[in-house]
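A.B. asks: coords please:
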Amino acid sequence: MGDRYPGHIPRALAEVLGQPPHELQVIWMALRHVGVEVPERYEGEVAAALHFLIPFAISHPDKWRAAAANELRRLRDGGTFAPATIAIAPIGEPR
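C.D. replies: So this is what the prediction gives:
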């Protein structure tokens, strides 16, 4: 595999990817609340939540939950969402 994608599944990434989809609801609802366009279909909602969480699992493996929660708080408190960092497109539609 390439330099950027791990050859094994790190613990934090496994935790994110292994979450039951229904437990991700709080994430996609929070993203919608701060103005992120999250697809209405369940698959798109789950994908949006995972897409939001995965960078935290990779960049903050020991504290990804806290880092994601801090980012959601920052957004809730009026912070700017950086779509260039986390771009979400509906499933089946090109970016």
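
A.B. asks: so where's the protein uncertain?
C.D. replies: Across the chain, the ranges flagged by pLDDT under 70 are 1-6, 81-95.

A.B. asks: can you pull out the helices in it?
C.D. replies: With helices called from DSSP state H, the chain shows them at 11-17, 25-33, 42-59, 64-76.

A.B. asks: Counting by contacts, list what the shortest one packs against.
C.D. replies: Using 3 or more CB pairs under 8 Å, 6 or more residues apart in numbering; DSSP states H and E as the contact criterion, the neighbours of helix 11-17 among helices and strands are helix 42-59, helix 64-76. C-beta coordinates here come from the backbone N, C-alpha and C atoms, glycine included.

A.B. asks: Does Val34 touch Leu75 like I think?
C.D. replies: Yes. Under the criterion of CB atoms under 8 Å, Val34 makes contact with Leu75 at 4.2 Å.

A.B. asks: Distance-wise, check Met29 relative to His8.
C.D. replies: Distance, Met29 to His8, using CB to CB, to the nearest Å: 32 Å.

A.B. asks: how much space between the spatially most central residue of the chain and Val46?
C.D. replies: Nearest to the mean C-alpha position of the chain, counting by CA atoms, centre = their mean, stands Phe52 at 1.5 Å. Separation of Phe52 from Val46 (CB to CB) stands at 11 Å.

A.B. asks: picking that back up, quickly compare the helices and strands packed on helix 11-17 and say which is most buried.
C.D. replies: Mean neighbour count, computed with mean count of other CB atoms under 10 Å, is highest for helix 42-59 among the helices and strands packed on helix 11-17, reaching a mean of 19.
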